[in-house]
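A.B. asks: no sequence on hand, only this structure:
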């Protein structure tokens, strides 16, 4: 089913000031888990990644809100094809992924996911920028399966064909683990930490 084109993510140095740097010290109040979390309690999800890099321009409390801000919601498998580029002195990793399922919206069979940060292996190729962005972000890992809430990337003067960004850096990223979708963003307590894949589909398409 065709779905109208959603918002696009414009990456420009001026807009990068919206990226907040948050320390990892101090505890945060724990929100009561949503009902669907209880059904996924037996699944061991990866620990949330406290990488200190978040876009605070929007908070999401439901899968429906996250879907509404996405151009598409897709299930992907990451490949080992990736490159690192710099924009305004900040590193971005662009990973090729194979789209195995389009849950909502439209997406090519292969897309490129642009994430803020770079792995330790690429850190030496970065000429400048904030060292906190080197290796700290939870980059897509080869052969791992993810559910991504994405928007198209547009950068003036750069060819960004088939490039997409994950909504709110980590908020729109779920990793697939043992039949469950596990959330990796510790700063979105309103969203389920883990839920069955069928439940995720239902909430996206409902």
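C.D. replies: Ah, there it is. Small disclaimer: the values here were computed from a predicted structure and weren't measured.

A.B. asks: start and end of stretch 62-78, how far apart?
C.D. replies: This stretch, stretch 62-78, spans 25 Å end to end (CA to CA, to the nearest Å).

A.B. asks: buried ones in it, by neighbour count?
C.D. replies: Neighbour-count burial for stretch 62-78, counted by 16 or more other CB atoms under 10 Å, picks out 63, 66-67, 69-76, 78. Bear in mind the C-beta positions are built from the backbone N, C-alpha and C, glycine included.

A.B. asks: stretch 145-158 now?
C.D. replies: Residues of stretch 145-158 classed as buried under the neighbour-count rule (16+ other CB under 10 Å) are 145-153, 155.

A.B. asks: got it, and stretch 173-188?
C.D. replies: 173-177, 180-188.

A.B. asks: I'd like the average pLDDT over that stretch.
C.D. replies: Stretch 173-188 comes out with an average pLDDT of 92.

A.B. asks: do stretch 149-165 as well
C.D. replies: 92.

A.B. asks: buried residues in the longest helix seen in the chain?
C.D. replies: For the chain, the longest helix by residue count, based on DSSP state H, is helix 197-205. Under the neighbour-count criterion of 16+ other CB under 10 Å, helix 197-205 has 197, 199-201, 203-204 buried.

A.B. asks: so what secondary structure elements neighbour it?
C.D. replies: When contacts are defined as 3 or more CB pairs under 8 Å, 6 or more residues apart in numbering; DSSP states H and E, helix 197-205 sits against helix 63-68, strand 90-104, strand 180-183.

A.B. asks: what comes into contact with it?
C.D. replies: The contact list for helix 197-205 (CB atoms under 8 Å, 6 or more residues apart in numbering) reads 36, 62-64, 67, 73, 103-104, 147, 174, 176, 179-181, 195.

A.B. asks: please enumerate the strands of the chain.
C.D. replies: 8-10, 19-21, 53-55, 72-87, 90-104, 110-116, 145-154, 163-166, 173-177, 180-183, 194-196 (DSSP state E).

A.B. asks: quick one: mean pLDDT for the third one?
C.D. replies: What that stands for is strand 53-55. 42.

A.B. asks: go on, the last one?
C.D. replies: The predicted model gives strand 194-196 an average pLDDT of 97.

A.B. asks: partner strands of it and their direction?
C.D. replies: Sheet pairing of strand 194-196 (DSSP bridges) gives strand 180-183 (antiparallel).

A.B. asks: tabulate the helices and strands packed on helix 197-205 (TSV), appending distance to residue 113.
C.D. replies: As requested, the helices and strands packed on helix 197-205 are exported to TSV (distance: least, CB to CB, whole Å):
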stretch	distance to residue 113
helix 63-68	16
strand 90-104	5
strand 180-183	17
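
A.B. asks: of all those, which lies closest to residue 141?
C.D. replies: Residue 141 lies closest to strand 90-104 among the helices and strands packed on helix 197-205, at 9.0 Å (CB to CB).

A.B. asks: in the closest one, what's buried?
C.D. replies: Within strand 90-104, the residues that count as buried by 16+ other CB under 10 Å are 90-97, 99, 102-104.

A.B. asks: that strand: partners in the sheet, and parallel or antiparallel?
C.D. replies: strand 72-87 (antiparallel), strand 110-116 (antiparallel).

A.B. asks: nothing else from me, thank you.
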